[in-house]
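>>> Pasting the sequence and the predicted model now:
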Amino acid sequence: MQAVNAMIRERIASEHAPRIPEVTAHLVEAGGKRLRPMLTLAAARLCGYDGPYHIHLAATVEFIHTATLLHDDVVDDSKQRRGRPTANLLWDNTSSVLVGDYLFARSFQVMVETGSLRVLGILSNASATIAEGEVLQLTAARNLETTEETYLRVVRGKTAALFSAATEVGGIIAGAPEPHVAALRAYGDALGIAFQIVDDLLDYGGTAAIGKALGDDLREGKLTLPVIRALAQADAEERAFWSRTIGKGRVEAGDLDRAQAILARHGALESTRQTALDWAERARLSLRALPDHPLSEMLEDLASYVVERIS
């Protein structure tokens, strides 16, 4: 990870546009869990890789992730990311969008250096899938008829696609056999889904430690799994509440508390928590197809860590 961070700092440099490293460093240096690049490194090492290009791929994955965060904060008009003011708040929306574009371009420059056309295909497909997932979420926003199936498509697109690609390219750069590559891909997919479900759950019951304000999804009209499940059991009064807050975007003081109470009343929080645990277990089961390695245990622990945030 030290080598990955060094490459990131080196590649965000810009001789002609100093705002690029300023904006990027604000987000990158804020910390974050670095789960995605770590997954790439772990997958490559687990499959016996001893070359240099897992560093390039891990940096690529982090560039793609950071680019999407910059764009997301503009789309959502977010004010806080990783416990700090967002880049669009400190600079402006234009800077965030353009620097995000630069990071996407940088990611392709770095991944090409590996010389693997298959890796290029996986990561470029993941980038397109992420954008597709975000657009699907946008079109589903404030639509009270959004189904769990649509929600899962959004999650698979905007979050799980990069988790899955991160683990898959680690196996590919190591020349792993196809069953091992498939297992890594399945692990990343399940882990990413569990991760996003937990994030959505924390929005209705987390703490300041998650690095964003509680109730953002409510204010932004996002139909996440707890709300979808509560809506399925809502009486007329509760449906009117969801229609006003999420459907029409009229969120008033005290609405978050009421939303939390409705979710708890219908067991939506607990059932969502159980779904996250189920996906984490799927991730762990995927690892059984991989060779014995100390990093396998680390990946198992990571699946547990993702859902322990809601314990």
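Yep, it's here.

>>> drop to CA atoms for contacts and neighbour counts, all remaining ones
Will do.

>>> Can you say which helix or strand has T167 in it?
Using DSSP states H and E, T167 sits within helix 161-173.

>>> For that helix, name the packing helices and strands.
Contacts defined by 3 or more CA pairs under 8 Å, 6 or more residues apart in numbering; DSSP states H and E place helix 161-173 against helix 35-46, helix 53-75, helix 117-140, helix 178-202.

>>> which residues sit against it?
Under the criterion CA atoms under 8 Å, 6 or more residues apart in numbering, residues 36-37, 39-45, 47, 49, 53-54, 57-58, 61, 65, 116, 119, 122-123, 126-127, 129-130, 180-182, 184-189, 191-192 lie in contact with helix 161-173.

>>> picking that back up, show me the one of the helices and strands packed on helix 161-173 that comes nearest E149.
Set against E149 and scored by CA to CA, these come closest in helix 117-140, at 11.7 Å.

>>> Now that closest one: buried residues?
Under the neighbour-count criterion of 16 or more other CA atoms under 10 Å, helix 117-140 has 119-120, 122-124, 126-127, 129-130, 132-134, 136-138, 140 buried.

>>> That one vs helix 161-173, what angle?
When axes from the mean of the first three to the mean of the last three CA atoms, to 10 degrees is applied, the directions of helix 117-140 and helix 161-173 differ by 170 degrees.

>>> could you dump helix 117-140 to CSV, C-alpha only?
What follows is helix 117-140, C-alpha atoms only, in CSV (Å, rounded to 0.1, in the frame of the first residue of the first chain):
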residue,chain,number,x,y,z
LEU,A,117,-5.7,-6.2,-22.9
ARG,A,118,-7.9,-8.3,-20.7
VAL,A,119,-7.2,-6.1,-17.7
LEU,A,120,-8.0,-3.1,-19.8
GLY,A,121,-11.3,-4.6,-20.8
ILE,A,122,-12.4,-5.5,-17.2
LEU,A,123,-11.5,-2.1,-15.8
SER,A,124,-13.0,-0.1,-18.7
ASN,A,125,-16.2,-2.2,-18.4
ALA,A,126,-16.3,-1.5,-14.7
SER,A,127,-16.0,2.2,-15.3
ALA,A,128,-18.9,2.1,-17.7
THR,A,129,-21.0,0.0,-15.3
ILE,A,130,-20.4,2.4,-12.5
ALA,A,131,-21.7,5.3,-14.6
GLU,A,132,-24.6,3.2,-15.6
GLY,A,133,-25.4,2.4,-12.0
GLU,A,134,-25.3,6.0,-11.0
VAL,A,135,-27.7,7.0,-13.9
LEU,A,136,-30.1,4.2,-12.9
GLN,A,137,-30.0,5.5,-9.3
LEU,A,138,-30.8,9.0,-10.6
THR,A,139,-33.8,7.8,-12.6
ALA,A,140,-35.0,5.7,-9.7
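
>>> Next, the buried residues of the helix or strand following that helix.
Next along the chain after helix 117-140, taking DSSP H and E as the criterion, comes helix 148-155. Under the neighbour-count criterion of 16+ other CA under 10 Å, helix 148-155 has 151-155 buried.

>>> next one: stretch 11-26
Neighbour-count burial for stretch 11-26 [16+ other CA under 10 Å]: 11-13, 20-25.

>>> and those residues as a markdown table, adding pLDDT, secondary structure and distance to T159?
Below are the buried residues of stretch 11-26 laid out as a markdown table (pLDDT from 0 to 100; DSSP: H, G, I helix; E, B strand; the rest coil; distance: CA to CA, whole Å):
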| residue | pLDDT | secondary structure | distance to T159 |
| --- | --- | --- | --- |
| R11 | 87 | helix | 24 |
| I12 | 82 | coil | 23 |
| A13 | 79 | coil | 27 |
| I20 | 83 | helix | 24 |
| P21 | 80 | helix | 25 |
| E22 | 80 | helix | 26 |
| V23 | 77 | helix | 22 |
| T24 | 78 | helix | 20 |
| A25 | 76 | helix | 22 |
